[in-house]
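Participant: A structural model of the following input is requested.
(one chain, ligands or ions: 2)
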Amino acid sequence: MTIEHKPTPPDPRFPGSIVVMGVSGSGKSSVGEAIAEAYGYPFIEGDALHPPENIRKMSEGIPLTDDDRWPWLAAIGQRLAESPSSVVVACSALKRSYRQKLRESASKGLAFVFLHGSEAVLAERMRHRSGHFMPTSLLQTQLATLEDPTGEENAVAVDIAQPLETIVREALAGLGRL
Ligand SMILES: Nc1ncnc2c1ncn2[C@@H]1O[C@H](COP(=O)(O)OP(=O)(O)OP(=O)(O)O)[C@@H](O)[C@H]1O
Ligand SMILES: O=C(O)[C@H](O)[C@@H](O)[C@H](O)[C@H](O)CO
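Facilitator: Ligands and ions are numbered 1, 2, ... in the order given. Next up is the predicted model:
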């Protein structure tokens, strides 16, 4: 008997833009950069589009409100709408209403890669990074605010309790199945 070794075909590329979402410390920037590189799309760091007042509040351990987040989501939406190519964005997108706002901005479709993990894993990752404005004390309100996107259109969930390479591979496979 001969066993044929067929090469695995690459995952199809999701044609629209991609938001890598989740609470602080879930790996949005790390995973988002890797997906952007794999797809050849520009990467947008959502945190860089926060108004300075939002960064000040979070640095002081004050959770953002809806009113704080709408102008920020509008800035991200504008980048999605104006970008000539599809892009990958790191953005917490914690609530369904925020995601709906972003979906309205992206004309070629929008997928969400949801990075989820336990509070223990998230707190560990936040504690071990240095020079970041977000204090670990805000993790609980981040988790309380989060609305799970499972079941929404074009949403892929990936467990973060695995090496970065595995998370990226699962995200790309999930996007390829959409
Ligand atoms: N799979 C992983 N295994 C171990 N460490 C990881 C993994 N993914 C990310 N990290 C590390 O965890 C920390 C948080 O990751 P990252 O900054 O990408 O998250 P984030 O969601 O973008 O955070 P924030 O929104 O708060 O800026 C970083 O120090 C990063 O290097
Ligand atoms: O919606 C929010 O509360 C914010 O976007 C936060 O999630 C941070 O920007 C980010 O995660 C940085 O730590």
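Participant: state the pLDDT value of His1.
Facilitator: Actually, residue 1 is Met rather than His. The model reports Met1 with a pLDDT of 59.
Participant: same question, Lys108
Facilitator: The model's pLDDT for Lys108 equals 86.
Participant: name the residues of this structure found near ligand 2, please.
Facilitator: Ser24, Asp47, Leu64, Arg69, Ser92, Leu94, Met134, Gln142 (CB under 6 Å from any ligand atom). C-beta coordinates here come from the backbone N, C-alpha and C atoms, glycine included.
Participant: list the strands paired with whichever strand or helix holds Phe112, with their directions.
Facilitator: Per DSSP states H and E, Phe112 falls inside strand 110-116. Partners of strand 110-116 in the sheet, by DSSP bridges, are strand 17-21 (parallel), strand 155-159 (parallel).
Participant: just to revisit the earlier point, give me the subset of the residues of the chain next to ligand 2 that also touch ligand 1.
Facilitator: Ser24, Asp47, Met134.
Participant: helices along this protein, start to end?
Facilitator: Listed in chain order, the helices found in the chain under DSSP state H are 28-39, 52-59, 66-82, 96-105, 119-127, 139-145, 164-176.
Participant: and the most centrally placed residue in the chain, bridged to which residues?
Facilitator: Of all residues in the chain, the one closest to the mean position by CA atoms, centre = their mean is Val20, 1.7 Å from it. Here Val20 sits in beta bridges with Ala90, Val113, going by DSSP bridges.
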